[in-house]
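Asker: 3D model of this:
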Amino acid sequence: MTLSGIRQISMRARDIDRAVRFYRDTLGLRFLFAASPQLAFFDCDGVRLMLGVPENTEFDHPGSVLYFSVADIGAAYQALKTRGVVFQQEPERIARLPDREVWVAAFHDTEGNTLALMAEPRIQ
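Answerer: Predicted structure coming up:
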């Protein structure tokens, strides 16, 4: 047996309604459904993102960094800035590979989790 695909990622939220508004309205992710107790699910191009208010302190910490793939990082950066997203840095090239570059721009959600935009434009 081998593991390969990721089906769902869980991130903690402190205020589920506020988090839903941010992910749905600000980031534009497709809201799938809500469930008890205080869970919300979104579609990220086939990977499900679950936001939940932790029931115990074991899970009450910021999650891993989610990197959202975008075709044009400059355009996505500007669009999210106009929606009120505050970035830690402007889009930055972090690697130049033989066939493409890797660009990122990090920001926080309303719950203190770190998120980022990521683009890998091909080198012409």
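Asker: which residues in this structure form strands?
Answerer: Counting by DSSP state E, the chain has strands at residues 8-12, 30-35, 39-44, 47-52, 66-69, 92-96, 101-108, 114-119.
Asker: Residues touching the longest one, excluding its own?
Answerer: Judged by C-beta atoms under 8 Å, 6 or more residues apart in numbering, the contacts made with strand 101-108 from elsewhere in the structure are 65, 67, 73, 77, 80, 85-96, 114-121, 123. Every residue, glycine included, has its C-beta placed from N, CA and C.
Asker: got the angle between that strand and strand 114-119?
Answerer: Using axes from the mean of the first three to the mean of the last three C-alpha atoms, to 10 degrees, the direction of strand 101-108 lies 160 degrees away from that of strand 114-119.
Asker: And strand 101-108, what's buried?
Answerer: Residues of strand 101-108 classed as buried: Trp103, Val104, Ala105, Ala106, Phe107 (neighbour count, 16 or more other C-beta atoms under 10 Å).
Asker: okay if I get the strands of the chain as CSV plus mean pLDDT and distance to Ala19?
Answerer: Putting those into CSV (pLDDT from 0 to 100; distance: least, C-beta to C-beta, whole Å) gives the following:
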stretch, mean pLDDT, distance to Ala19
strand 8-12, 92, 8
strand 30-35, 95, 11
strand 39-44, 96, 7
strand 47-52, 94, 5
strand 66-69, 92, 13
strand 92-96, 92, 26
strand 101-108, 94, 12
strand 114-119, 93, 12
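Asker: can I get these in a markdown table with distance to Arg21?
Answerer: As requested, those are exported to a markdown table (distance: least, C-beta to C-beta, whole Å):
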| stretch | distance to Arg21 |
| --- | --- |
| strand 8-12 | 15 |
| strand 30-35 | 10 |
| strand 39-44 | 10 |
| strand 47-52 | 11 |
| strand 66-69 | 17 |
| strand 92-96 | 28 |
| strand 101-108 | 15 |
| strand 114-119 | 15 |
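Asker: Let me know which of these is tucked in deepest.
Answerer: Highest mean neighbour count among these (mean count of other C-beta atoms under 10 Å): strand 114-119, with a mean of 20.
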